[in-house]
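Asks: Pasting a predicted model and its sequence here:
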Amino acid sequence: MAKTRREIKENLNQVDAVIEIRDARIPRSSSNPEVDDLCGLKPRIILLNKADLAESRITDTWIKHLTKSNVKALACNSITGAGLKSIKPMLNELLAEKHGRKSAKGIVNIVDRVMVIGIPNVGKSSFINKMAKNATAKTGDKPGVTRSRQWIKTKSGIDLMDTPGILWPKLESDETQLNLAFTGAIKDEIMDIEELSIKLVDLLAKNYPERLMARYKLDNLSEDPVENLDMIGKKRGAVISGGRMDYNRLAVLMLDELRGGKLGPLSLEKPETEPVEE
């Protein structure tokens with residue numbers, strides 16, 4: 001990660017702007033807190049990717065919250081391409097002065113050179129592939145697929161510099177760690193996914209109780225997240241010999257369904273500090 005930070009800083013002078021990709025469900029947790037300092041005043045577009053998995057009204061609030069004089073925010077889906085056509089107009093607006101200087105020199109076909117950054121598993125490679133309309137960058141559902149810098153040309157007048165996913169040495173809070181783990185930015189192999197599933201059920205029971213009950217056909221919810229997890233396990237056939245619950249299987253199921261959008265659009269963070277409510 002230290003090497004990636006150095007590469008980003010050293011290569012910023014080679015690009016006109018930065019595209020930072022975040023997860024629309026967790027716009028705060030999916031942003032490396034060092035990005036603001038690394039990018040400085042460099043024009044930046046923040047893509048709130050996987051917007052179909054988040055609540056649109058909350059994503060709209062995030063867009064207003066993140067937009068500044070040199071920063072614009074945009075909801076998108078890098079798989080379907082929704083929202084991506086707005087990137088070039090946004091770059092034109094952010095780089096209007098630089099484009100004007102180039103036009104004055106007689107340059108007609110202006111190509112913007114843009115660095116793409118983001119933490120692991122926010123959809124960076126899928127975004128680049130969609131922009132390039134071919135499988136140029138490696139993709140995968142595990143964090144850390146992109147390993148080194150590469151340039152990718154697109155047909156929209158944008159050259160993209162890919163970079164490895166950049167996490168940070170120390171997570172700011174338990175909430176950040178949980179949000180990253182819920183959405184798959186932290187590898188499941190290094191997490192206690194059974195404990196994680198308990199935290200997830202607790203979060204959903206507090207913020208999306210009706211959604212949780214409807215998905216798993218529960219008649220009611222307990223204040224104890226383990227009891228709720230047990231009820232879900234019984235509904236999903238996770239009971240093994242001796243009447244014991246297969247919590248590992250249940251944890252995998254819960255996390256897969258959250259990440260796959262099976263519980264509907266969920267926003268786990270808002271710009272304000274109060275918890276999300278149904």
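Replies: Now that the structure is in, tell me what you want to look at.
Asks: helix or strand right after the helix or strand hosting residue 182?
Replies: Element membership of residue 182 [criterion: DSSP states H and E] is helix 174-183. Towards the C-terminus, the helix or strand next in line after helix 174-183, according to DSSP H and E, is helix 193-207.
Asks: So which elements touch the helix holding residue 182?
Replies: Using 3 or more CB pairs under 8 Å, 6 or more residues apart in numbering; DSSP states H and E as the contact criterion, the secondary-structure elements in contact with helix 174-183 are helix 193-207, helix 247-259. All C-beta atoms are positioned from the backbone trio N, CA, C, and that covers glycine.
Asks: Would you mind pulling the contact partners of stretch 52-59?
Replies: Residues lying outside stretch 52-59 but in contact with it, judged by CB atoms under 8 Å, 6 or more residues apart in numbering, are 24-25, 48, 51, 75, 77, 80, 82, 261, 265-267, 270, 276.
Asks: Could you pull out the strands in the stretch 1-150 of the chain for me?
Replies: When assigned using DSSP state E, counting those that start in this stretch, the strands of the stretch 1-150 of the chain occupy the ranges 17-23, 44-49, 71-75, 112-118, 150-153.
Asks: now for those strands, which one comes closest to residue 213?
Replies: Distances from residue 213 to each of the strands of the stretch 1-150 of the chain were compared using CB to CB; the shortest belongs to strand 17-23, at 25.2 Å.
Asks: wait, which of the helices and strands packed on helix 174-183 is closest to residue 174?
Replies: Comparing the helices and strands packed on helix 174-183 against residue 174 with CB to CB, the closest turns out to be helix 193-207 (9.1 Å).
Asks: so what does that closest one touch, helix or strand wise?
Replies: Other elements packing on helix 193-207 under the criterion 3+ CB pairs under 8 Å, 6+ apart are helix 174-183, helix 209-216, helix 225-235, helix 247-259.
Asks: quick one, it and helix 247-259 angle?
Replies: Computed with axes from the mean of the first three to the mean of the last three CA atoms, to 10 degrees, the direction of helix 193-207 lies at 50 degrees from that of helix 247-259.
Asks: now helix 193-207, how far from the chain's geometric center?
Replies: Distance, stretch centre to chain centre, for helix 193-207: 19 Å (CA atoms, centre = their mean, to the nearest Å).
Asks: buried residues in it?
Replies: 193-194, 196-207 (16 or more other CB atoms under 10 Å).
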